[in-house]
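**Q** One predicted model, sequence on top.
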Amino acid sequence: MESLVKFVQDEFVTKKEFAEFAAGDTITVYYEIKEGNKTRTQFFRGVVIQRRGSGTSETFTIRKMSGTVGVERIFPINLPSIQKIEVNKRGKVRRARIFYFRGLTGKKARITEKRR
């Protein structure tokens, strides 16, 4: 049964191609919002806390500071309203899920950039 579900997902769900990103990267997600009969594009820029799942059910969590309040948003990779994902900065972190980042403030909350 599980292989049948995987087969259907692979065949019929269209997967978009986005830039490669991982935990610690600062990215901007451009997504479409529908308000009544109007649509507009909004962006969400922040640090990737985690990527979880695989295939069509993969999601990623982004955290940004809005004033003094931390805001997190979870996006599915295959969300039809996502237009593009830009990688602004590559971060150097040692783990795949940086939940410790939630407790850091000020200069401690900086993530060093990967050297190329």
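**A** Received the coordinates, thanks. What you see is a predicted model, and the numbers here were worked out from it, not measured in a lab. Residues are numbered from 1 along each chain as shown.

**Q** contacts, neighbours, all on C-alpha from now
**A** OK.

**Q** Can you give me every residue that contacts F60?
**A** V48, I49, Q50, R51, R52, I74, F75, P76, I77 (Cα atoms under 8 Å, 6 or more residues apart in numbering).

**Q** these two touch, right, the last one and T56?
**A** Yes - checked against Cα atoms under 8 Å, the pair I77 and T56 is within contact range at 7.3 Å.

**Q** quick one, which of the two is more surrounded?
**A** Between I77 and T56, counted using other Cα atoms under 10 Å, the more crowded position is I77 (20 against 16).

**Q** quick one: what helix or strand has D10 in it?
**A** D10 is located in helix 2-12, with elements delineated by DSSP states H and E.

**Q** just how off-centre is that helix within its chain?
**A** Helix 2-12 sits 24 Å away from the centroid of its parent chain (Cα atoms, centre = their mean, to the nearest Å).

**Q** Which is the succeeding secondary structure element to that helix?
**A** Tracing the chain past helix 2-12, the next element assigned as helix or strand by DSSP H and E is strand 26-35.

**Q** got a list of contacts for that following strand?
**A** By Cα under 8 Å, 6+ apart, the surrounding residues in contact with strand 26-35 are 21, 39-48, 81-91.
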